[in-house]
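# sequence unknown, structure follows:
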């Protein structure tokens, strides 16, 4: 009887974990870096420079992160994947390690400068 209960609990836990996914937008994936290690960086476009300037105006530390452009592209990917504004903002806050208000400014900068369409 006890073994039956433990088996049932294990099945419920496994079933619950199988339902875990990114559907709720609670998790984000950092995009692959745009350049390979040791590869020389290409010059920044005017849009990329503007994005970084706007991020710096919102939070200097966030703009200084060497992955800031990749994180900004992640905002574009989240948007293209149809995530809600709240999910995109939450993911940006996690990527850049900033508060919600700052994340909103960064999302706005990314959409204006990095995202196409």
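Sure thing, it's come through. A quick note: this is a predicted structure, and the numbers were derived from the prediction, not measured. Numbering: from 1, shown residues only.
# How is residue 91 assigned, secondary-structure-wise?
What DSSP: H, G, I helix; E, B strand; the rest coil gives for residue 91 is helix.
# Please tell me I have it right and it contacts residue 76.
No - the criterion here is CB atoms under 8 Å, and residue 91 misses it with residue 76 at 11.4 Å. No exception for glycine: its C-beta is placed from N, CA and C like everyone else's.
# Following the helix or strand of the chain at the bottom of the mean pLDDT ranking in sequence, what is the next regular element?
The helix or strand of the chain with the poorest confidence is helix 2-18; it has a mean of 41 (mean pLDDT, DSSP states H and E). Using DSSP states H and E, the helix or strand that follows helix 2-18 in sequence is helix 46-58.
# Quick check: buried residues in that next one?
Neighbour-count burial for helix 46-58, counted by 16 or more other CB atoms under 10 Å, picks out 48, 51, 52, 54, 55, 58.
# next one: stretch 71-84
So stretch 71-84, judged by 16+ other CB under 10 Å, has buried residues 71, 72, 73, 74, 75, 76, 78, 79, 83.
# now those residues in JSON lines, with distance to residue 44 and pLDDT?
JSON lines is the format used below for those (distance: CB to CB, whole Å; pLDDT from 0 to 100):
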{"residue": "71", "distance to residue 44": "15", "pLDDT": "97"}
{"residue": "72", "distance to residue 44": "12", "pLDDT": "97"}
{"residue": "73", "distance to residue 44": "13", "pLDDT": "97"}
{"residue": "74", "distance to residue 44": "18", "pLDDT": "97"}
{"residue": "75", "distance to residue 44": "17", "pLDDT": "98"}
{"residue": "76", "distance to residue 44": "16", "pLDDT": "97"}
{"residue": "78", "distance to residue 44": "22", "pLDDT": "97"}
{"residue": "79", "distance to residue 44": "21", "pLDDT": "96"}
{"residue": "83", "distance to residue 44": "26", "pLDDT": "97"}
